[in-house]
Structure formats: structure tokens, C-alpha cells
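Engineer: After the sequence you'll find the predicted model.
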Amino acid sequence: MTTKSNRINAVEHKNLQTERLVSLDALRGVDMFWIIGGEHIIHALAELTGWPVMNWLSAQMHHTIWNGCTFYDMIFPLFLFISGVSMPFSFGKKVAAAGVENAYELPSKVKNQIYKSMARRALILIFLGLVVNGLFKFNGLENTRFASVLGRIGIAWFFAGMIYLNCSLVKQIQWFLVILISYWLAMAYIPVPGFGAGDLSMEGSLESCIDRLLLPGRLHSKVHDPEGILSTIPAIATGLLGIFTGTFVKKKNYEPLKSVYLMLLTALGLMLIGLVWDMIFPINKRLWSSSFVLFAGGWSVAFFALFYLVIDVLGFEKWTFPFILIGTNSIVIYMAVEGIVNFQYTANFIFGGLINLASDPFSDLLKAVSVVLVELVFLYVLFKNKLFLKI
């Protein structure tokens, strides 16, 4: 028992000395894996086997139409949560260099430098989101979608970071609660012309109304945009939840295994509160409802706790390499699969003959796997040459 405990402490000490959690890159990679082709592999396996468990997993690889939550709905909030977890570590050197204990105690001169860097990152992500949406197709501003996944990540991460840099942990938690409760009250009690107050449908919600009034260009769903203006505010709380988790791990106030247990208990509590709140404010990814923040946030904490346990505490890292490739260049591969690079064409060029020899539905599985393999080779070349998109 003592030997195991010493090994756990030694591995955790080694990983945390670098101020970078391997589990974060791996979890980010696993999260992105489903977007870059993992979902198609699951669909193909379900078609090939017909097993009930695979059919269930295949159903989980679709977004919920409106209320409710599938695994696929949790990919986006998990990515934003991970960006929050990394913040206490990324600012760690500046905190240590300034001789202070907390980020909010940093001198104004240092904070101003960080603000500029954060604003730059947010603006670049907003711009990249526009590029993914087809900015350079020049179809006219009225046909351009301005809201985007990358834009929301940039904005929510920026404001969560501003709160982190200027507030103690207690005040950060207060901000978290105020954001979630205020958003719920606004959605429940501010009337929408033609629909009244408390209408949480796609057409009648306050979030959709504000998007139609204030968001330029086209909306994702004509009357509503899932990355709209008002619903970006509770996304800040998702980032804060990640910051709380990163701060907790970085402080190392508990033994590694106890930290994992506490995170799992917290995850369960968040999920239960989210399910209770769902009764009056439905869990809804498109509205990024307060109950969704808590429910998806609970799962995010649980996923991170398990990855942290297996990778950073117990030291089982070798299996993570393919996901590290994805996680360390997540923005690059996201933009690539969203239309900039045609991996399907390359996969067909290399594996097309083999795929044609197979019969349906086995050929569909080969197609899905071949695309992921090509993407991993692309990422490996970038990784090997130390080419990373750092924003």
C-alpha cells in the first residue's frame, strides 16, 4: 500500500512540476476525436453489428433537437470547460514570478499585459469562427453567419478569465451563481413580443428574440442561433467551472486520490442539481440553459477527474498519444475538418481500392476509419515538426 501511494505521489509530482496536465491535452483530444470522425466510426459500427449498445451509442452521436441532452451535446461545453481548467496553470508562472499567491493579486502592469494577450486570443478565435462560417466566400454580410463555436469559446473564455484575474475564489463563485440565476430569471420573466414571458421554444425564447434583433447576418436556424448573443453569457459560467476545477487541482490541498473522490462527488452534485433545475428550466444545449451548464458541467468534471486519475496520478500515459496529437492542435484540426481540408478525398485516394473491395456496411466502417487515420498522420507531421497553432 505504501509503495502504491509513493508511486502515485511521485507520478503526480512529476506531471504537475511541468505546470501542464497531460490529462488536459488527452481529454481535449478525446473530446475533439468525436468531431473529426469518431462519430462516423460509431455510426458505421452500429450499422455493421446491429448491437443494442452500439445503436444506443450511435443515437448519442447526434445533437438533441431541443430539450434534453446527449453525449454529443456535451462535446462543446467540455471543450470550454477544459480551456477554463488550463487557465490557473497557464497563468501560474506569472503568479509565481510576481511573488503572489493568487492571480487576482497580480500587479496592474502584469494584468494589463495579460488582458492584451487575452483580447488578442478572443478576437482571433472570433475571426477564425467567421472563416469557418465561410467569410471568404464573399456571399454578402446578410448571408454570413457571425455567431460561431470558436467565437463563443473566445468570448466566454475571455470574460471567465477577466473574472478569474480580478476576483477571489469566493467572488468567482458568486459571479458563477449570479450568471446562472440571472439568465434563468431573464429567460423566465422578460416578455417577448408575440410570445410573452417564459416561452422557451426556439421561436419564442428571449435568446432567439435578441438574436433576431441584434445579431447581424444569417442565423443558424433562421429564427435562432445556438451560439447567439444572450446564451453566450451562461457559457462564461461553463468556463468558470473549469477554472474552479483547475484551481482545486493546482492548489494540491488534498492527496491525489482524495482529490479525485471530491471531484467525482462534486460532479454528481452538479448533475443532480441540473436535473432538478431541469423541471423548471429545461436542460437545453441550444439555449445553454443554466440547468445545462450544471448537468454538462458535472459530466465535464467527472470526465476530467477520471482522466486526471488514470494519466496524471497513476501515470498511464502511453495510450493517450493519438489523442495528444489531436489535443495539442485542436483548433487546427477543427478548422480543417470544418471544410478547409478535404480529408475524405485523401483517404479515398489512399484507401479507395481497399474500401471498394469490401461490401456494405463494412465499407462504411473502413471509410470512417481511413479518414481518421489520414487526419492523425496530418497531426503527427505537425507534432513531429513542433508546429502548433498557439493563440
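Structural biologist: That came through fine. Treat the numbers as computed from the prediction; the structure is a model and nothing was measured. Residues are numbered from 1 along each chain as shown.

Engineer: who touches residue 106 in this structure?
Structural biologist: Residue 106 makes contact with 94-95, 98, 100, 114, 165 under the criterion C-beta atoms under 8 Å, 6 or more residues apart in numbering. In this view, the C-beta of every residue, glycine as well, is placed from N, C-alpha and C.

Engineer: pLDDT score assigned to the spatially most central residue of the chain?
Structural biologist: Nearest to the mean C-alpha position of the chain, by C-alpha atoms, centre = their mean, lies residue 79 at 1.4 Å. For residue 79, the pLDDT comes out at 97.

Engineer: So in this protein, which helix runs the longest?
Structural biologist: Longest helix in the chain, counting residues (DSSP state H): helix 108-132.

Engineer: what angle sits between the very next helix or strand once past that helix and helix 108-132?
Structural biologist: Toward the C-terminal end, the helix or strand that comes next after helix 108-132 (DSSP states H and E) is helix 149-166. Angle of helix 149-166 versus helix 108-132, following axes from the mean of the first three to the mean of the last three C-alpha atoms, to 10 degrees, is 170 degrees.

Engineer: what is the orientation angle of the next helix or strand after helix 149-166 with helix 149-166?
Structural biologist: Next helix or strand after helix 149-166 toward the C-terminus (DSSP H and E): helix 169-189. For helix 169-189 against helix 149-166, the angle by the same axes, to 10 degrees is 140 degrees.

Engineer: which stretches of the stretch 151-300 of the chain form helices?
Structural biologist: Along the stretch 151-300 of the chain, the segments classed as helices by DSSP state H, counting those that start in this stretch run 169-189, 206-214, 232-251, 256-277, 290-307.

Engineer: name the helices or strands packed onto the shortest one?
Structural biologist: Put plainly, it is helix 206-214. helix 169-189 (3 or more C-beta pairs under 8 Å, 6 or more residues apart in numbering; DSSP states H and E).

Engineer: Just the angle for the helix it packs on relative to helix 232-251, thanks.
Structural biologist: Using the same axes, to 10 degrees: helix 169-189 against helix 232-251 is 160 degrees.

Engineer: before we move on, the earlier item: helices or strands next to the longest helix of the chain in the packing?
Structural biologist: Contact partners of helix 108-132 among helices and strands, from 3+ C-beta pairs under 8 Å, 6+ apart: helix 92-98, helix 149-166, helix 330-335.

Engineer: what sits up against stretch 241-250?
Structural biologist: In contact with stretch 241-250 (C-beta under 8 Å, 6+ apart) are residues 16, 21, 80-89, 92, 160, 164, 169, 172-173, 176, 259, 262-263, 270, 293, 297, 300-301, 304, 308.

Engineer: Could you pick out the buried ones from the residues you listed?
Structural biologist: Among the contacts of stretch 241-250, those scoring as buried are 16, 21, 80-89, 92, 160, 164, 172, 176, 259, 263, 270, 293, 297, 300-301, 304, 308 (criterion: 16 or more other C-beta atoms under 10 Å).

Engineer: Now the helices and strands packed on helix 108-132 in JSON lines, please, with extra columns for distance to residue 50 and mean pLDDT.
Structural biologist: Shown next, in JSON lines, are the helices and strands packed on helix 108-132 (distance: least, C-beta to C-beta, whole Å; pLDDT from 0 to 100):
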{"stretch": "helix 92-98", "distance to residue 50": "50", "mean pLDDT": "90"}
{"stretch": "helix 149-166", "distance to residue 50": "33", "mean pLDDT": "97"}
{"stretch": "helix 330-335", "distance to residue 50": "31", "mean pLDDT": "95"}
